[in-house]
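> Sequence first, predicted coordinates after that:
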Amino acid sequence: MPAPADLKPFAVSTALALALLIVAAPGAASAPSGPGKTPAGTRSAAKRPGPQRLDVVLGLSRRQGALERFALRVSDPSSALYGGYLRPGQVGRRFGASDATVRAVLGYLRKHRIRGRLDVTRSFVEALVPTRRANRLFRNRAGRARAPVALRGKVHEVLLAAAAPDQFLPGRGAGARASRAPRQTSAPQAPPYVRTGTPSGCPRGQNARYAYSKSAVAGPSFTPSQIQQAYGAAPLHAAGIDGRGVRAGVYGAGGTGFRELRAYARCFGFRAPPTRLVKVGHRHTFPTSFEAALDLQMLSLMAPGLELLTVYSVGSNLFPVDFSAMLDPRNGPPPDVFSASVGECETAVGRRQLRLTAHVLAAAAAVGVTVASGSGDNGSFCPDGPNRGWFPGDSDWLTSVGGTSLTLDADNRIVDEVPWNNRSLGFGFGGGGGFSRLLRRPPFQRGLGRWGDRRGYPDVALFADPFPGIAEYCRLSNPKSPNCMASGRGNPYITGNGTSAAGPLFAGIAALVDQRLRAAGRPPLGFADPLLYQLGRRGGQGALRDVVSGSNSVLWKTCCKAFPGYDRASGWGSVNAAGLATAALHSGPG
């Protein structure tokens, strides 16, 4: 049975994964809950009936190649079209399906008593269809999804997923490899696995740690001021560059985390930005999860002055529908920056869904939205095998953010930074990175490395190591619930970590860059990769800090080592917010 609609497969941060593994009783049967899968919770062994309805997404005939070429041009600092973004509706009309195709597909659905919904990019139609009817219309005799004969040439992809019981159409009005329980090492930890530098904040926040029973696993954690200083956000904040006037969005976790964000901001002395919840295709509100609290707090510590921070809670479990929600004007204006803490092995997602998701993400690039996603917490493998990409963290239409470990000096400046890799501590966690088996190398990666014509990832990397982690506020509403793991009796501050932290940290940096650009009368950063790769090839220009040693290989020793320049353990290295803002301000043709 699938997880509830909002509990999508996402890159669970490592502290939560550790907690779930530690608390499992020896020999007890449990659903896979290792890195890269949503904890499924306890389920009855009895056979359950199949879903009553399927979420059917029909990918339409469209001008995807033309859209991708346009999106690259408006994102390329060397192009005369740099920054010439379109509105979502313009993208749909210019590059989406024709009116004739839309009429034919919607008419076919009406003929079979099915209501369909066209998305804003005009790249797909979504419908909720009774399972027997969906199987009859959209599967062949072998049970594989296929387009009906009447729609051949008009429908390029057919995606089928179980619909949640309360899911509705918005608009008007592979299995994970089981992980062994980690052993707690008795060897003394040393930098970069302990907190260095100078923390600040309320006493409980400074004492954030992950603990099980009386035995500490990690912490005390870095505090927000340390991360702000390490990655160059602090001087921007002091100059009034804190994200004001910029809209941000997050998606990928159940719950909201709004109350937790306000408590977190009070402890660490910054303003919590205004927040909003948009529910798309369902009405249920889930309790705050570790992931929801983490996303909001990491993005906000980097950009506390945001105009608005929106949480998108989407009923569908299909990536094209999920990413389309941020562009739909019925959900409000699109965000300027967007962080997605979701993911699954690309081989489980499949080529059709990858292709349709690429169109939607290219549409976001054409609109000028900066999209960031964590590269996964599995090192150089996916739970279904080595050298398999983590999607959407390996997509060539967003910024893939890997993980690092930090050593800071007393002024919280970076002394050393290496790829996140907990193998030496006895844990199989590390920053995701490697190459895709299904996605081709994008133009901005040409000439880099020798791993064939495949997309290499990540693009950049930021702190993600649970040892010692970043302080996070996540109070338990139910002591028996795994949503938020308490760090100790009476202290709701815990260890936040994983590339699910690194992704929103980068999104927050992008928000600072957008404010700086807007003040100069420039368009927003948008799809950041072409600029990041241009800066990387030029030595970083103060925006990128190269990570030159270490590895992200944790279970399979096949990939990847860090070395000078671009590598698949840390991308171009970490990002300095002040440096990137300056570089973006001076980018563009002429």
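Done, it's in.
> avg pLDDT for stretch 60-73?
Regarding stretch 60-73, the rounded mean pLDDT is 98.
> mind listing what's buried in it?
For stretch 60-73, the neighbour count (16 or more other Cβ atoms under 10 Å) marks 60-64, 67-68, 70-73 as buried. No exception for glycine: its C-beta is placed from N, CA and C like everyone else's.
> From these, which land in helices?
If you go by DSSP state H, the buried residues of stretch 60-73 have 64, 67-68, 70-73 in helices.
> With distance to residue 368 as added columns, please give those residues in a markdown table.
Below are these laid out as a markdown table (distance: Cβ to Cβ, whole Å):
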| residue | distance to residue 368 |
| --- | --- |
| 64 | 19 |
| 67 | 14 |
| 68 | 15 |
| 70 | 12 |
| 71 | 10 |
| 72 | 13 |
| 73 | 13 |
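> May I ask which two of the residues you listed are separated the most?
Spanning the widest gap among these are 64 and 73, at 15.1 Å by Cβ to Cβ.
> check contacts around residue 432.
Shown in contact with residue 432 (Cβ atoms under 8 Å, 6 or more residues apart in numbering): 11, 374-380, 390, 393, 402-403, 457-458, 499, 552.
> For it, which non-adjacent residue is spatially closest?
residue 376 (3.0 Å; Cβ to Cβ, 6 or more residues apart in numbering).
> Only C-alpha atoms, please: export stretch 249-268 in CSV.
Presented in CSV, the C-alpha positions along stretch 249-268 are these (Å, rounded to 0.1, in the frame of the first residue of the first chain):
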residue,chain,number,x,y,z
GLY,A,249,8.3,27.8,-1.6
VAL,A,250,9.0,24.3,-0.2
TYR,A,251,7.5,21.0,-0.9
GLY,A,252,8.0,17.3,-0.1
ALA,A,253,7.0,16.7,3.5
GLY,A,254,3.8,16.3,5.5
GLY,A,255,2.7,19.0,8.0
THR,A,256,3.7,22.6,8.1
GLY,A,257,6.2,23.4,10.8
PHE,A,258,5.0,27.0,11.2
ARG,A,259,4.8,27.0,15.0
GLU,A,260,8.2,25.3,15.2
LEU,A,261,9.7,28.0,12.9
ARG,A,262,8.5,30.8,15.1
ALA,A,263,10.0,29.1,18.2
TYR,A,264,13.2,28.5,16.3
ALA,A,265,13.5,32.1,15.2
ARG,A,266,13.0,33.4,18.8
CYS,A,267,15.7,31.2,20.1
PHE,A,268,18.3,32.2,17.5
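> residues of the longest helix anywhere in the chain that come out buried?
Assignment by DSSP H gives helix 499-519 as the longest helix of the chain. The neighbour-count check on helix 499-519 (16+ other Cβ under 10 Å) flags 499-517 as buried.
> Centre of the chain to it, how far?
Centroid separation between helix 499-519 and its chain, computed with Cα atoms, centre = their mean, to the nearest Å, is 13 Å.
> Packing partners of it?
On a contact count with 3 or more Cβ pairs under 8 Å, 6 or more residues apart in numbering; DSSP states H and E, helix 499-519 meets strand 247-251, helix 290-302, strand 337-340, strand 370-374, strand 399-408, strand 460-463, helix 577-585.
> Tell me which of the ones you listed sits nearest to residue 228.
Of all the helices and strands packed on helix 499-519, helix 290-302 sits nearest to residue 228, with 6.5 Å by Cβ to Cβ.
> Distance from the closest one to the middle of the chain?
For helix 290-302, the distance to the chain centre is 12 Å (Cα atoms, centre = their mean).
> in its sheet, what does the helix or strand following that helix sit against?
Counting by DSSP states H and E, the next helix or strand C-terminal to helix 290-302 is strand 308-314. Next to strand 308-314 in the sheet, as set by DSSP bridges, lie strand 247-251 (parallel), strand 275-280 (parallel).
> what mean pLDDT would you report for the longest one?
Over the span of strand 275-280, the pLDDT mean works out to 93.
> Show me what it is in contact with.
Contacts to strand 275-280, defined as Cβ under 8 Å, 6+ apart, come from residues 170, 256, 258, 261, 285, 296, 308-316, 325, 328, 331-332.
> Let's see if you can find the most crowded of the contacts of residue 432.
The residue in the contacts of residue 432 with the most neighbours, by other Cβ atoms under 10 Å, is residue 499 (38 neighbours).
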